[in-house]
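Chemist: Give the three-dimensional model of this entry:
(chains A and B)
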There are 2 protein chains.
Amino acid sequence: MDFVNIVGLAAGTLTTIAFLPQMLQTWKTKSAKDVSFAMLITFMTGLFLWFIYGIMLGATPIILANGTTLFFNLIILGLKVKYK
Amino acid sequence: MDFVNIVGLAAGTLTTIAFLPQMLQTWKTKSAKDVSFAMLITFMTGLFLWFIYGIMLGATPIILANGTTLFFNLIILGLKVKYK
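Modeler: A predicted model of the protein is given here:
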């Protein structure tokens, strides 16, 4: 795998796993007051479109990265609604 | 512009502007306690790598989207540190 793809893979991995600590913190503190509802909805709509975009191109990395990030943010949204 | 590119452009726009409401909320409420520090650092590192990846490919949409999102998250991080 050439260097450019390694950078892309690392970028996709980091911007995906980044939401794990947010998910864990929200679950532990049972509070997501400071996490913007509008941000979550807008971000998740964008992630869903990236997911569709990946399917259209048949680009597995785009499908996997954005599908996973969408899943994590869905959990954060669920926790935010639950602990309102 | 064909449909696939429109979907990609819409996805990139949404996942970029999504952080504006988070920035405004944090600035208004002067509180970012619930926003995970680890998420911000990991996410911004990933965005920076996407930015480098875009430069390597000469892909302007990737450079613009991730550069802007990185800028917004830098402000959120600054506000979070300021209002600690």
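Chemist: so which strand or helix has residue A:61?
Modeler: helix A:60-82 (DSSP states H and E).
Chemist: so what does that helix touch, helix or strand wise?
Modeler: For helix A:60-82, the contact count by 3 or more Cβ pairs under 8 Å, 6 or more residues apart in numbering or on different chains; DSSP states H and E identifies helix A:3-17, helix A:19-29, helix A:37-57 as packing neighbours. For glycine as for every other residue, the C-beta is placed from the backbone atoms N, C-alpha and C.
Chemist: So for the longest one, what gets flagged as buried?
Modeler: Residues of helix A:37-57 classed as buried by neighbour count (16 or more other Cβ atoms under 10 Å in any protein chain shown): A:39-40, A:42-47, A:49-54, A:56.
Chemist: still on that earlier bit, what are the buried residues along the helix holding residue A:61?
Modeler: For helix A:60-82, burial by neighbour count (16+ other Cβ under 10 Å) applies to A:62-63, A:65-70, A:72-73, A:76-77, A:79-80.
Chemist: Which one of these is nearest to residue B:17?
Modeler: residue A:73 (15.5 Å; Cβ to Cβ).
Chemist: Now do the contacts for the residue nearest to that closest one when sequence neighbours are not counted.
Modeler: Closest residue in space to residue A:73, ignoring its immediate chain neighbours: residue A:44 at 5.1 Å, by Cβ to Cβ, 6 or more residues apart in numbering or on different chains. By Cβ atoms under 8 Å, 6 or more residues apart in numbering or on different chains, residue A:44 lies in contact with A:70, A:73, A:74, A:77.
Chemist: export these to CSV and tack on pLDDT?
Modeler: Rendered in CSV, the data for those read as follows (pLDDT from 0 to 100):
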residue, pLDDT
A:70, 97
A:73, 96
A:74, 96
A:77, 96
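Chemist: could those be laid out in TSV, adding distance to residue B:16?
Modeler: TSV is the format used below for those (distance: Cβ to Cβ, whole Å):
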residue	distance to residue B:16
A:70	16
A:73	15
A:74	20
A:77	19
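Chemist: Residue A:67 and residue A:51 touch, don't they?
Modeler: Yes: in this structure residue A:67 lies within contact range of residue A:51 using Cβ atoms under 8 Å: 5.3 Å.
Chemist: Could you save the helices and strands packed on helix A:60-82 as CSV and add columns showing mean pLDDT?
Modeler: As requested, the helices and strands packed on helix A:60-82 are exported to CSV (pLDDT from 0 to 100):
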stretch, mean pLDDT
helix A:3-17, 92
helix A:19-29, 94
helix A:37-57, 95
